[in-house]
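Engineer: Structure for this input, please:
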Amino acid sequence: MKKVPTHIQLNKPSLPRFIALSLISGLSSVSVMAAAPDQVKKVIEAEKPIYLNTLKDLVQIESGSKDIAGLNQIAQMVATRLKQAGAEVSVKNSENIYRMDDTPEQMGPMVKAVLKGKGKSKIMLIAHMDTVYEKGMLKDQPFKVEGDKAYGLGIIDDKQGVAAILHVIDSLKKLNYQNYGTITVLLNSDEEISSPASRQLITETGQDQDIVLSFEGGGKEGHLRLATSGIGAAYLDIKGKASHAGVKPEAGVNALTELSHQIAQLQNLSNPQTGLKLNWTVAQAGKTRNVIPDSASAQADVRAIRVEDFTAVEKTLIEKVKNKKLSDSQVNVKFEVRRPPLTANDASKKLAEKAQQIYKNELNIPLTVSSQPTGGGTDAAFAGLKSKAAVLEGVGLSGDGAHSSNAEYILIDSIVPRLYLATRLIIEASK
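Structural biologist: Numbers count the residues shown, from 1 in each chain. I've put the predicted structure just below:
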């Protein structure tokens, strides 16, 4: 509103208009104050006990990657919460599935929610609803609080991330903050099995975002990560011919012999200079000592920090297996990109610096950021695969014990700092 000079009495607004303008000004002031760090902190601190209740509700729903009923239940719960926050929500199953060696026939749904604000920034928040646990294991790892730790099935990986997104959205609503353009939430049900059904949607949605926050846990120390290794897998399948090993071995085609030859010529494909690692880790052949095996197989774990290295190693594998030791054997090789690598870009580094400033200046807490590709893969890599967005991984709570039988936990003292950080990053990205 343009300020009216006080000495021009003729332009003074009428009393009703003056009251209306004052109300508008007051609302504007509240909105500005609501985005201030102190106000954000106050709202987030009030969310802490509510967050724990949400986390308990999520943990009490068993949602292993193959537990379709449990995944549907948690998806509906989350969708309802996001609708209540004012988002446009859809719950659906994907028809575009990248099938891998261990991909189940049926997978759980994805939840997509979009909140529309009044600004221009495009923000994406991701987490996953599935866990690695089999149905029935909740009784051995129920939700419980002991000191500064909350334990529960899948609590760090990644129920805390789902709960964090819900409460960041709730906090923005309580702050009456709408200066963002859109906030898109994607929650998938297949992360623990390499996201075969959700990877395409994550990649497509991530293409035009400004920032992507992935709410995987930050480990015991709450580190943020800008890069992770990509994960691939190679499968060798050998077909031979069975025969009696003691009476007529020459009548057979020894699949184990061919497999040994293939592994020998494929064992030195790693490249320390580029970060490519290929290691044969599983092998099977034969069932009976006195029978020439007619089949053999092997699997290799492959890690890369560049997408192009996966393409190159697949081509190398296909060419090299043509060199057979036993001409009558049949050799097939298959390669899977289970997850692409996440690479740190300039935008990610700048956003990470902002996160460190927020932690240091507003919370008086140090924050470590890792830009070196380490550890396993992440859905954040799918989001950043075709995007120039700033992508941060590990925005979720601190904790440990993922994939363990009875020791998975989050650190309760990390609830407020992590919710605060995510909320403030959204506000900063929307300026």
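
Engineer: mind listing what Asp328 touches?
Structural biologist: Listed by CB atoms under 8 Å, 6 or more residues apart in numbering, the contact set of Asp328 reads 240-241, 253. Every C-beta, even on glycine, is put in place using the N, C-alpha and C of the backbone.

Engineer: out of those residues, which is most surrounded?
Structural biologist: Comparing those on neighbour count, Gly240 comes out first with 24 neighbours (neighbours: other CB atoms under 10 Å).

Engineer: still on that earlier bit, dump the contacts of Asp328 into TSV; add pLDDT and secondary structure as well.
Structural biologist: Putting the contacts of Asp328 into TSV (pLDDT from 0 to 100; DSSP: H, G, I helix; E, B strand; the rest coil) gives the following:
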residue	pLDDT	secondary structure
Gly240	99	coil
Lys241	98	strand
Val253	99	strand
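
Engineer: mind putting those residues in JSON lines, distance to Lys92 included?
Structural biologist: Converted to JSON lines, the contacts of Asp328 look like this (distance: CB to CB, whole Å):
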{"residue": "Gly240", "distance to Lys92": "45"}
{"residue": "Lys241", "distance to Lys92": "48"}
{"residue": "Val253", "distance to Lys92": "48"}
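
Engineer: Give me the distance between the strand or helix carrying Val337 and the centre of its chain.
Structural biologist: Here Val337 sits within strand 330-339, counting by DSSP states H and E. Remark: strand 330-339 is offset 24 Å from the chain centroid, using CA atoms, centre = their mean, to the nearest Å.

Engineer: Which elements pack onto it?
Structural biologist: strand 230-239, helix 307-320, helix 379-384 (3 or more CB pairs under 8 Å, 6 or more residues apart in numbering; DSSP states H and E).

Engineer: So for Ala347, which of those sits nearest?
Structural biologist: With CB to CB, the closest approach to Ala347 among the helices and strands packed on strand 330-339 belongs to helix 379-384: 9.8 Å.

Engineer: and the closest one, what other elements does it pack with?
Structural biologist: Counting by 3+ CB pairs under 8 Å, 6+ apart, the packing neighbours recorded for helix 379-384 are strand 122-128, helix 199-206, strand 211-214, strand 330-339, strand 390-393.

Engineer: TSV please, covering those and showing mean neighbour count, distance to Leu52 and mean pLDDT.
Structural biologist: What follows is the helices and strands packed on helix 379-384, written out as TSV (neighbours: other CB atoms under 10 Å; distance: least, CB to CB, whole Å; pLDDT from 0 to 100):
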stretch	mean neighbour count	distance to Leu52	mean pLDDT
strand 122-128	25	17	99
helix 199-206	21	28	98
strand 211-214	28	21	99
strand 330-339	19	31	98
strand 390-393	27	24	98
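
Engineer: would a markdown table of those with distance to Tyr98 be doable?
Structural biologist: Output for the helices and strands packed on helix 379-384, formatted as a markdown table (distance: least, CB to CB, whole Å):
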| stretch | distance to Tyr98 |
| --- | --- |
| strand 122-128 | 16 |
| helix 199-206 | 6 |
| strand 211-214 | 19 |
| strand 330-339 | 8 |
| strand 390-393 | 20 |
